[in-house]
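# predicted model follows, preceded by the sequence.
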Amino acid sequence: SVRITKIDTAYKNAVALQFGSRFRMFLNQLTGQKEKIESKEQELHREKNPKKEISDTIYKEITELCKRLKL
């Protein structure tokens, strides 16, 4: 009885964790986050921006917006 409860709880927790990560993957694909980041990164590299500025810009313009969508 206790073992069954532990197994059931572990199963439900695993399903919940997988759903969350799969859902985030789906949203990333839906929004084209990876492609947008790569495109922006190339653009900023061409402009010879420092790495710190590139990562800050990508976070502000792309990653932060996608994170809001996921919440």
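That came through, no problem.
# tell me which residues in stretch 35-46 are buried?
Residues of stretch 35-46 classed as buried by neighbour count (16 or more other C-beta atoms under 10 Å): 36-37, 41, 44. Every C-beta, even on glycine, is put in place using the N, C-alpha and C of the backbone.
# mind checking which of these are in helices?
36-37, 41, 44 (DSSP state H).
# can you pick out the most distant pair from these?
By the measure C-beta to C-beta, 36 and 44 form the most distant pair in these, at 12.3 Å.
# just how off-centre is the one helix or strand residue 15 maps to within its chain?
Here residue 15, judged by DSSP states H and E, is contained in helix 2-31. Computed by C-alpha atoms, centre = their mean, to the nearest Å, the chain-centroid distance of helix 2-31 equals 16 Å.
# which positions in it come out as buried?
Buried residues in helix 2-31 (16+ other C-beta under 10 Å): none.
# and that helix, what's its mean pLDDT?
Averaged across helix 2-31, pLDDT comes to 92.
# helices or strands up against it?
helix 64-70 (3 or more C-beta pairs under 8 Å, 6 or more residues apart in numbering; DSSP states H and E).
# show residues contacting the helix it packs on.
Residues from elsewhere that reach helix 64-70 (C-beta atoms under 8 Å, 6 or more residues apart in numbering): 24, 27-28, 31, 33.
# nearest to residue 11 among those?
Within the contacts of helix 64-70, the smallest distance to residue 11 is 20.9 Å, found for residue 24 (C-beta to C-beta).
# enumerate every residue touching the closest one.
Contacts of residue 24 (C-beta under 8 Å, 6+ apart): residue 70.
# repeat that for 10 Å
Residue 24 makes contact with 33, 66-67, 70 under the criterion C-beta atoms under 10 Å, 6 or more residues apart in numbering.
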